[in-house]
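**Student:** The sequence and its predicted three-dimensional model are supplied below.
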Amino acid sequence: MKVDGVPMRTIWPAGDGPGQGVEIIDQTRLPHRLTTVRLMDIGQAAHAIRAMLVRGAPLIGATAAYGVALEMARDPSDAALAAAVEQLGATRPTAINLMWALERMRAKLARAAPGDRAEIAWAEAAALCDEDVEINQAIGRAALPLIEAIAEAKGGAPVNILTHCNAGWLATVDWGTATAPIYMAHDAGIPLHVWVDETRPRLQGAALTAWELGRHGVPHAVIPDNSGGHLMRRGEVDICFVGTDRTTANGDVCNKIGTYLKALAAADNGVPFYVCLPSPTIDFTLASGDEIPIEERAPEEVTHIPGVTPEGVETTVRITPEGAPARNHGFDVTPARLVTGLATERGLVAATKEALAAAFPERAG
Ligand code: MRU
């Protein structure tokens, strides 16, 4: 997408080969600073994922793929390949795109002679990134008619869309999943407005979604996480679009903590609740969302909050009594029955076992 008119991705190779590393946007500095970081080895790639310099299920997978490629340039042996998959696979537990990308790299490289692996890995990581962009564009095309239909029914009044966390281009290589139809509708001249859940505690909505929508000129307002139900009851939300970190074979959707509450409110108020789902995020090996490992992060993410002073100094302050205990579950599961539909690269799909298997038979096995 464009940042102040300049096209940008979240991850890109710094040169023609692994020697010059991989550039990423450091998302821990947004929205206050747009800075890039160069990853030169697998350790730096693993750190970028674990410390959330990169985050969002598809981008985690893309970074892991480049992490393997950087390691293959250093040591293309079978042992190094196995260790790379293990090291990167341990960085974050919930987003299945990580495991998907690592398995794709492992399978491709295991078939190649060690002497060819560096070149093949570099090309495969780039291909995976390009495919992510194509998938997200297809998701956008699949969900765009939903916005168009609401716009027509509202006779030109803005379509109000609610989104949670950041499932925007910053969470992917480009376009985003939940934001792809939003950008397409906005670019087509459809009046719309996005309610951006702030998304405590890491504030991916307030910091990242608001930043990228603003940079692209999409009208939006940041709201506290607990406002969604109120807005839905007042008829001020026409449709919800969220992303997902893992969707199981039965259509249960794991996404950023707080998604479930929005789905409940949407169901109670008859607001369509769509999940934008790239196929690498489907985990056909799990029967239901109950089986998904839910990441629990540091309590300091709850007890402390980052910001910037009027002088432009980035700082973090404590908002709880000193020593107050806190819990920090990163994700929740929205049962399939609360999901109106899944917007995939193969079109709109019902959140059911049968529909998912029919749409992706080669994955369902
Ligand atoms: O903890 P994060 O920031 O990696 O969580 C991101 C989300 O939950 C996104 O909504 C999800 O990955 C979908 S991104 C297209």
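**Tutor:** In hand now; what should we look at?
**Student:** neighbours of the residue of the chain found nearest the ligand, just the number please.
**Tutor:** Closest contact between the chain and the ligand, by CB to the nearest ligand atom, is at Gly243 (2.6 Å). Any C-beta I mention is one placed from the backbone N, CA and C, and that applies to glycine too. Burial of Gly243 is recorded as 30 neighbouring residues (other CB atoms under 10 Å).
**Student:** Name the nearest residue to it, ignoring sequence neighbours.
**Tutor:** Ala167 (2.6 Å; CB to CB, 6 or more residues apart in numbering).
**Student:** from memory the one you found sits against Gly56, does it?
**Tutor:** Yes. Counting by CB atoms under 8 Å, Gly56 is a contact partner of Ala167 at 7.0 Å.
**Student:** tell me, what's touching these two both at once?
**Tutor:** Residues touching both Ala167 and Gly56 (CB atoms under 8 Å, 6 or more residues apart in numbering): Gly243.
**Student:** so Ala142 makes contact with Ala359?
**Tutor:** No. Checked against CB under 8 Å, the pair Ala142 and Ala359 is beyond contact range at 10.9 Å.
**Student:** what's the overlap in contacts for those two?
**Tutor:** Contact with both Ala142 and Ala359 is made by residues Thr344, Arg346, Gly347, according to CB under 8 Å, 6+ apart.
**Student:** Turn those into CSV, columns for pLDDT.
**Tutor:** Shown next, in CSV, are the shared contacts of Ala142 and Ala359 (pLDDT from 0 to 100):
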residue, pLDDT
Thr344, 98
Arg346, 98
Gly347, 98
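**Student:** Emit the ChimeraX select command for whichever of the residues you listed are buried.
**Tutor:** Remark: buried members of these, expressed as a ChimeraX selection using 16 or more other CB atoms under 10 Å:
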select :344
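**Student:** So which of the shared contacts of Ala142 and Ala359 sit within strands?
**Tutor:** Among those, DSSP state E puts Thr344, Gly347 in strands.
**Student:** Now distance to the ligand too, for the shared contacts of Ala142 and Ala359, in CSV please.
**Tutor:** Below are those laid out as CSV (distance: CB to the nearest ligand atom, whole Å):
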residue, distance to the ligand
Thr344, 13
Arg346, 17
Gly347, 18
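**Student:** what are the ranges of the helices in the stretch 1-150 of the chain?
**Tutor:** Assigned by DSSP state H, counting those that start in this stretch, the helices in the stretch 1-150 of the chain fall at 42-50, 57-74, 78-89, 96-110, 114-153.
**Student:** Please name whichever of these is nearest to Gly21.
**Tutor:** Proximity to Gly21, assessed across the helices of the stretch 1-150 of the chain by CB to CB, is greatest for helix 57-74 (7.1 Å).
**Student:** Kindly state the domain boundaries assigned to the protein.
**Tutor:** Split into domains by automatic domain parsing, the chain comes to 2-131, 140-364.
**Student:** Could you tell me how far the longest one lies from the centre of the chain?
**Tutor:** Read it as domain 140-364. Put simply, domain 140-364 sits 9 Å off its chain's centre (CA atoms, centre = their mean, to the nearest Å).
**Student:** Next, the distance between the ends of that domain.
**Tutor:** 23 Å (CA to CA, to the nearest Å).
**Student:** do the same with stretch 219-234
**Tutor:** 20 Å.
**Student:** Residues of the stretch 51-200 of the chain that sit close to the ligand?
**Tutor:** Neighbours of the ligand within the stretch 51-200 of the chain, by CB under 6 Å from any ligand atom: Arg55, Gly56, Ala57, Pro58, Ala95, Cys165, Ala167, Ala171, Thr172, Thr177.
**Student:** In strands, which of these appear?
**Tutor:** Among those, no member falls in strands (DSSP E).
**Student:** Turn the residues you listed into a markdown table, columns for distance to Val222.
**Tutor:** Formatted as a markdown table, these follow (distance: CB to CB, whole Å):
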| residue | distance to Val222 |
| --- | --- |
| Arg55 | 18 |
| Gly56 | 18 |
| Ala57 | 22 |
| Pro58 | 23 |
| Ala95 | 24 |
| Cys165 | 13 |
| Ala167 | 15 |
| Ala171 | 17 |
| Thr172 | 21 |
| Thr177 | 20 |
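**Student:** So which helix or strand of this structure has the lowest pLDDT on average?
**Tutor:** Ranking every helix and strand in the chain by mean pLDDT, DSSP states H and E puts strand 2-3 at the bottom, with a mean of 84.
**Student:** and that strand, what does it pack onto?
**Tutor:** Under the contact criterion of 3 or more CB pairs under 8 Å, 6 or more residues apart in numbering; DSSP states H and E, strand 2-3 touches helix 210-216.
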